[in-house]
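*Asks:* output the structure for:
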Amino acid sequence: MQQNDILRQMCHKELAKADMTAICKNRGFSSRIASSVNLLEGSFLSSTGVQEVMDSLTRDEVVLLHYLKYLSRPVDVSAFSTIYGQEQPRYYNSTFNQRFKDVFNEVKKRLIRKGILLFAENKIMTHLSTRLERTLFDFPNEFHSCLPSIFNSGIHSPLPGENSTADLKQKLINDLKEAGGEGDPGGAGLLFSIQHGELLFVNRPFSMNEIRKWQRDGWQKALTKNKGGFFSYSPVISVMETVTYALSFLDEHEWIEPGQLEPILKVFCGNNPRNNPLEICEQGWQHGCLNRTVVDGRAVYRSAGPESEPGERPAPDKYLQLDARNQVMVDPAGMTLEDLEILAKISSFENEDSRLKAMPNIIRMGREMDRLQGDQLFDWLTSNIITYKKVAATVRKRMGKLIVHKGIMVARVRDVTLRVAIKQAFDDSSLVFLDDEHIAFAEDLAVAVAHVVQKSGHVVKMVKTRQQS
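*Replies:* Now for the predicted structure:
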């Protein structure tokens with residue numbers, strides 16, 4: 001059922017006169033609205049009285065409404081049992097109504113009659129035997145912005161906190177030493193490698209998105225490592241998603257103690273005694289997803305942000321040095337990962353004697369020039385390093401001009417599965433997906449592309465263009 005359908009049915013069929021009177025009293029509607037279902041339907045989603053009702057809710061009720069906001073869909077009455085008393089014991093002969101009637105009564109008194117929750121019977125759900133089973137509850141989208149913070153209060157501290165990104169930068173340095181050359185295409189335990197001049201992270205082009213995905217995957221795996229570990233009863237929302245959502249409501253320099261997550265985990269993930277907030281936060285910190293600091297002897301946490309605040313980034317000359325041959329040598333330990341990503345967007349790399357050497361890449365710089373103009377690192381490189389300065393000048397000179405590429409082949413690939421297989425077989429810089437059917441690549445990759453096509457069970461058909469006279 002859609003929100004408007006639930007609202008219409010609630011006003012016209014579900015509410016008794018006493019319910020309408022209670023809603024209008026709590027929301028501050030006039031007695032005229034209380035006497036007309038049409039007027040109530042037209043007024044219900046207005047902002048009148050919503051903030052006052054929100055301010056009257058308990059902390060558990062605020063968390064529950066955040067849960068409904070996160071789901072963004074109607075739920076049945078069982079979703080409310082985490083705060084309005086547990087459902088009645090499920091005896092062999094007990095019915096759904098017997099188990100949840102007390103929960104429904106509380107929902108009606110605390111949320112429906114206060115005018116912030118919709119409900120209606122979904123008569124299409126004929127496979128469910130009782131009216132209460134078929135009843136859906138929905139928290140209107142129009143009220144989401146009025147929700148108070150999911151936390152009652154935070155702990156304020158200007159300290160930046162600790163993060164494990166330094167471990168990743170040290171891992172890059174160690175991987176360069178271990179590879180000792182161009183890099184190990186197979187990984188062999190290496191997170192970082194260099195292939196065809198491109199810096200890779202877990203065999204994907206280095207980016208902060210790839211870093212964060214890897215960190216979140218590690219956190220999620222740590223929380224679900226075995227059935228005896230941290231396990232969410234919720235079929236929809238994981239512990240990691242719950243904590244990430246909750247921490248998104250913290251203001252700048254605001255932190256929380258792990259214990260403040262307990263009521264949120266209870267509502268979002270079920271009453272699971274194995275969900276230990278302290279251990280969950282520690283795992284998030286160890287995997288780089290959370291920052292940690294100590295305030296008055298207490299460990300507090302917040303979501304990890306950029307390594308440095310705006311305006312506090314390390315100066316490029318602190319981590320980029322010119323060697324005797326005027327080549328740019330990079331010190332990963334002295335820079336932020338965000339700056340390393342910017343450098344990777346406009347550079348090719350080499351592993352020279354276990355040190356990272358950067359060189360301007362005209363193709364990559366051409367793609368990023370517009371987005372990086374005015375960036376501290378980009379401006380410093382193109383002003384102070386002669387090789388980057390020359391390449392940037394060439395890109396600006398060619399910008400807006402039509403460039404004819406030689407040695408380029410175009411493949412027409414209609415099969416979606418085959419397109420995915422080709423994309424997975426090559427890095428992003430080797431192929432250009434022109435539209436839904438065509439892929440461009442260098443002529444020397446033709447044999448490799450054909451091999452992937454044939455391996456996938458498809459046939460390669462070569463078409464030669466006519467030579468222009």
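*Asks:* contacting residues around stretch 313-324?
*Replies:* 308, 328-336, 338-339, 358, 376-377, 380-381, 384-385 (Cβ atoms under 8 Å, 6 or more residues apart in numbering). Glycine gets a C-beta too; all of them are placed from N, C-alpha and C.
*Asks:* buried ones among those residues?
*Replies:* Among the contacts of stretch 313-324, the ones that count as buried by 16 or more other Cβ atoms under 10 Å are 328, 330, 332, 335, 336, 338, 339, 358, 377, 381, 385.
*Asks:* of all these, which comes closest to residue 133?
*Replies:* residue 338 (50.9 Å; Cβ to Cβ).
*Asks:* from residue 24, how far out is residue 306?
*Replies:* Separation of residue 306 from residue 24 (Cβ to Cβ, to the nearest Å): 49 Å.
*Asks:* which one of those two is surrounded by more residues?
*Replies:* residue 24 (22 against 15; other Cβ atoms under 10 Å).
*Asks:* pretty sure that one sits in a helix.
*Replies:* Yes - judged by DSSP: H, G, I helix; E, B strand; the rest coil, residue 24 forms part of a helix.
*Asks:* for burial, what's the neighbour tally of the residue lying closest to residue 382 once chain neighbours are set aside?
*Replies:* Nearest non-adjacent residue to residue 382, counting by Cβ to Cβ, 6 or more residues apart in numbering: residue 392, 4.1 Å away. Neighbourhood size, residue 392 [other Cβ under 10 Å]: 24.
*Asks:* ok, now residue 50?
*Replies:* If you count neighbours by other Cβ under 10 Å, residue 50 ends up with 21.
*Asks:* that one reaches residue 117, doesn't it?
*Replies:* No - using Cβ atoms under 8 Å as the test, residue 50 is too far from residue 117 to be in contact (11.6 Å).
*Asks:* which parts of the stretch 251-400 of the chain are helices?
*Replies:* Secondary structure of the stretch 251-400 of the chain (DSSP state H, counting those that start in this stretch): helices at 262-269, 277-286, 337-346, 362-372, 376-384, 386-398.
*Asks:* err, the stretch 51-200 of the chain, not the other one
*Replies:* So, for the stretch 51-200 of the chain - with DSSP H, counting those that start in this stretch - the helices run 59-71, 96-107, 131-134, 165-179.
*Asks:* so for residue 218, which of these sits nearest?
*Replies:* helix 165-179 (11.4 Å).
*Asks:* for residue 114, give me its contacts.
*Replies:* 22, 23, 26, 27, 53, 56.
*Asks:* ok, 7 Å please
*Replies:* Neighbouring residues of residue 114 by Cβ atoms under 7 Å, 6 or more residues apart in numbering: 26, 53.
*Asks:* relative to residue 55, how far out is it?
*Replies:* In terms of Cβ to Cβ, residue 114 sits 11 Å off from residue 55.
*Asks:* can you list the domain ranges for this protein.
*Replies:* According to automatic domain parsing, the chain comprises the domains 3-146, 203-303, 316-398, 408-455.
*Asks:* turn these into JSON lines, including mean pLDDT and distance to residue 463.
*Replies:* Formatted as JSON lines, the domains of the chain follow (pLDDT from 0 to 100; distance: least, Cβ to Cβ, whole Å):
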{"stretch": "domain 3-146", "mean pLDDT": "91", "distance to residue 463": "49"}
{"stretch": "domain 203-303", "mean pLDDT": "87", "distance to residue 463": "31"}
{"stretch": "domain 316-398", "mean pLDDT": "92", "distance to residue 463": "27"}
{"stretch": "domain 408-455", "mean pLDDT": "86", "distance to residue 463": "9"}
